[in-house]
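Visitor: predicted model and sequence below, questions to follow.
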Amino acid sequence: MSVSQFKNPVYSQYLADPFCWHHDGIYYAVGTGLEETGANNLPGNVVPLVKSKDLQNWEAVGRVLVPPSEERGGAFWAPEVAFHEGKFYLYYHPNGNGRGFHIRVAVSDRPEGPYHDTGTPLTDIEQNPFAIDSHAFRDTDGQWYLFYATDFLDSDATTFRGTALVVDRLHDMTRLEGNPHIVMRAHWPWQGYERGRDMAGIVADWYTLEGPTVRKRGDQYFCFYSGGCYQNDSYGVDYLVADHVMGPWHEVGRERGPQLMRSVPSQVIGPGHHSLVTTPRGHDYAVYHAWNEAMTARLMCIDPLLWTEQGPLIERFVETVQRRSGINELNR
């Protein structure tokens, strides 16, 4: 499938934070629906799922997560699915009854669900009142890891207050080891989320790294992430590289800003929080959301991801990335 064959957005309904995977000839995607973005009173299931045979034509399956009673009435953010030993594990992030956002997991025997919660959150709300955007990654030795975003209230001259990335080992698919390692903290102006944000009684600028997704190519690991504020055109995608899944991780964009995706004037607003899906022929595609022109809905878009000697890139964004970075080529 070439770039010209995609007509973005590929799905007309609100579907933010899309996570796409391929199973038995069908592509599936879950995401944050409009009703899942805030306090909702859906009487039944939550988390929309859509499916496609060709990545371009999508149909709604319905809402597939049976929410635990203690989470009803809250938001349900950024679901992702991992397949392991015949079961599908849906990681999601609720804040029911006004509690902080945390990570939970539900299980199904079928990609279309229904997914039933295991009954035990992966993260402790008392210990960590904000954990979102979890991404399960299986290394080549079979070990699973969970990357996610969490808040840091400390700062210094080179490290900013805000949401940033960590990784923890999964003891099994429903239990974390409980020893998260920092992947990367925010420390560039382009990663700004909100000026003068009041957090824990301290008013200061807030910065955000979120939406991690990880791939291994040869001996290198790539951790893609979204930075900035998802509510406007500052949002974009950069990536980190490492020789080991636990790091140390090294930056690519630095002060140049997001080097994989960023807003394209009059074309794309706030692209980000993507997943990567590989076709049976081995081609990779980035599945992401971007705002419609009226800024009323985040819609699912898809573009080919190319692996080049200069690093991964998406042709749709190359010219804008180069121009705004002030560089002639994408260098690591």
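Guide: Nice, I can see it.
Visitor: who does the helix or strand containing residue 205 pair up with?
Guide: Residue 205 belongs to strand 202-217 when assigned by DSSP states H and E. Strand partners for strand 202-217, identified by DSSP bridges, are recorded as strand 162-172 (parallel), strand 192-199 (antiparallel), strand 220-227 (antiparallel).
Visitor: how about TSV for the ones you listed, with mean pLDDT, mean neighbour count and distance to residue 19 added?
Guide: (Glycine included, C-beta is placed from N, CA and C.) Below are the strands paired with strand 202-217 laid out as TSV (pLDDT from 0 to 100; neighbours: other Cβ atoms under 10 Å; distance: least, Cβ to Cβ, whole Å):
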stretch	mean pLDDT	mean neighbour count	distance to residue 19
strand 162-172	98	20	17
strand 192-199	95	14	22
strand 220-227	98	24	13
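Visitor: figure out which of the ones you listed is closest to residue 234.
Guide: strand 192-199 (6.9 Å; Cβ to Cβ).
Visitor: off-centre distance for that closest one?
Guide: 21 Å (Cα atoms, centre = their mean, to the nearest Å).
Visitor: what of stretch 250-263?
Guide: That offset, for stretch 250-263, works out to 16 Å (Cα atoms, centre = their mean).
Visitor: neighbouring contacts of it?
Guide: For stretch 250-263, contacts defined as Cβ atoms under 8 Å, 6 or more residues apart in numbering pick out 184, 188-190, 224, 226-228, 233-242, 268-272, 274, 286, 288, 311-314, 317, 320-321, 324-327, 330, 332.
Visitor: do the same with stretch 51-61
Guide: Residues outside stretch 51-61 that contact it (Cβ under 8 Å, 6+ apart): 1, 5-7, 10-11, 13, 25-29, 48-50, 112, 277, 279, 285, 300, 302.
Visitor: gap between the two ends of it?
Guide: Its first and final residues considered, stretch 51-61 spans 7 Å by Cα to Cα, to the nearest Å.
Visitor: list the buried ones in that stretch?
Guide: By neighbour count with 16 or more other Cβ atoms under 10 Å, stretch 51-61 contains the buried residues 51, 52, 55, 58, 61.
Visitor: and the two most separated of these?
Guide: Within the buried residues of stretch 51-61, 55 and 61 form the most distant pair, 15.7 Å apart (Cβ to Cβ).
Visitor: dump the strands paired with strand 202-217 into a markdown table; add distance to residue 294 as well.
Guide: Compiled in a markdown table, these are given as follows (distance: least, Cβ to Cβ, whole Å):
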| stretch | distance to residue 294 |
| --- | --- |
| strand 162-172 | 27 |
| strand 192-199 | 22 |
| strand 220-227 | 21 |
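Visitor: and those strands: which comes nearest residue 121?
Guide: Here strand 162-172 is closest among the strands paired with strand 202-217 (Cβ to Cβ), at 13.6 Å.
Visitor: residues contacting the closest one, please?
Guide: Residues from elsewhere that reach strand 162-172 (Cβ under 8 Å, 6+ apart): 130, 132, 136, 143-152, 176-186, 191, 193, 206-210, 212, 223, 225, 245-247.
Visitor: likewise for stretch 30-45?
Guide: 13-19, 46-49, 62-67, 72-81, 90, 113-114, 289, 297-298, 300.
Visitor: just those residues: which are in strands?
Guide: 16-19, 46-49, 62-66, 76-81, 90, 289, 298, 300 (DSSP state E).
Visitor: among those residues, which ones are buried?
Guide: Here, 16+ other Cβ under 10 Å leaves 16-19, 46-49, 63-66, 76-81, 90, 289, 298, 300 buried among the ones in strands among the contacts of stretch 30-45.
Visitor: what's the nearest residue to residue 186 if we skip its chain neighbours?
Guide: Spatially, and ignoring its direct neighbours in sequence, residue 186 is nearest to residue 207 (3.6 Å; Cβ to Cβ, 6 or more residues apart in numbering).
Visitor: residues in contact with the one you found?
Guide: Neighbours of residue 207 in contact, by Cβ under 8 Å, 6+ apart: 160, 161, 162, 163, 164, 186, 187, 191, 192, 193, 227.
Visitor: do you know how far the residue lying closest to the last one once chain neighbours are set aside is from residue 162?
Guide: The shortest distance from residue 227 to any residue other than its chain neighbours is 4.3 Å, reached at residue 191 (Cβ to Cβ, 6+ apart). Using Cβ to Cβ, to the nearest Å, one gets 7 Å for the distance from residue 191 to residue 162.
Visitor: please apply the same query to residue 63.
Guide: Taken as Cβ to Cβ, the span from residue 63 to residue 162 is 31 Å.
Visitor: surely residue 255 is within a strand?
Guide: No. Read with DSSP: H, G, I helix; E, B strand; the rest coil, residue 255 is helix and lies in no strand.
Visitor: can you get me a residue count around it?
Guide: Neighbour count of residue 255, defined by other Cβ atoms under 10 Å: 11.
Visitor: tell me which of the contacts of stretch 250-263 fall in helices.
Guide: When DSSP state H defines the helices, the subset of the contacts of stretch 250-263 inside them is 317, 320, 321, 324, 325.
Visitor: can you pull the contacts of the closest residue to the second one other than its chain neighbours?
Guide: By that I understand residue 320. Computed as Cβ to Cβ, 6+ apart, the closest residue to residue 320 that is not its neighbour in sequence is residue 264, at 4.8 Å. The neighbours of residue 264, taking Cβ under 8 Å, 6+ apart as the test, are 316, 317, 320.
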